[in-house]
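Chemist: show me how the following folds:
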Amino acid sequence: MGRLATGFLAGLGASGVALALWASGALDGLERATWTGRVRAHARPSAATPRIKVILLDQASLDWGSRENQWPWPWPREVVGVLAAFCQRGGARAVAFDVLYTEPPSMAWAMTRPLPPP
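Modeler: Numbers count the residues shown, from 1 in each chain. Got it, this is the predicted structure:
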C-alpha cells in the first residue's frame, strides 16, 4: 500500500475515533474544562463603538404593535422587511433579527392590512 493510501486510512481512522468520542460525550469534560481559557484567548473584548446599534423590542413595543396595527407576535414577516428597509436607509450595512417563526406566514394578514410606510 502506498504512502498516500496509508495516510488517508490513518486520517479516516482518527476521524472515526474522534467522532465516536464526541458522539459518546467522552469529550464533554475536556470541553468544559478548557472553555474559559479558549474564550479568553480568542474573544478579547474591544472598545465600544458607536457604529453598532441595537434595537430592542420590549413589551411596550409589542403592545403598541398589537393595539395600533393589530399585529400578532411574532410580527409578520412583511413588517420585519419594512424594519430592515428602514435600517438600510439609515445606513446599516448589516441587520440581524433574532426571531423564531414557528408558524407559516399568514397571507390573510398581508391581504387585509396595509403595511406601515417605510
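Chemist: all helices for this structure, in order.
Modeler: 3-24, 28-42, 59-69, 77-89, 107-112 (DSSP state H).
Chemist: for the ones you listed, which one sits closest to residue 49?
Modeler: helix 77-89 (16.8 Å; CB to CB). No exception for glycine: its C-beta is placed from N, CA and C like everyone else's.
Chemist: I'd like the average pLDDT over the closest one.
Modeler: For helix 77-89, the mean per-residue pLDDT is 88.
Chemist: how many neighbouring residues does the closest residue to residue 99 other than its chain neighbours have?
Modeler: Nearest non-adjacent residue to residue 99, counting by CB to CB, 6 or more residues apart in numbering: residue 74, 5.1 Å away. Neighbour count for residue 74, taken as other CB atoms under 10 Å: 16.
Chemist: again, but for residue 75
Modeler: Counted with other CB under 10 Å, residue 75 comes out at 21.
Chemist: ok, residue 76 next?
Modeler: 21.
Chemist: can you pull the pLDDT of the most centrally placed residue in the chain?
Modeler: Averaging the C-alpha coordinates of the chain gives a centre point, and the residue nearest to it by CA atoms, centre = their mean is residue 98 (6.0 Å). Predicted confidence (pLDDT) at residue 98: the value is 83.
Chemist: tell me how far it lies from residue 31.
Modeler: To residue 31, residue 98 is 25 Å away according to CB to CB, to the nearest Å.
Chemist: quick revisit: for residue 52, which of the helices of the chain is the nearest?
Modeler: helix 77-89 (12.2 Å).
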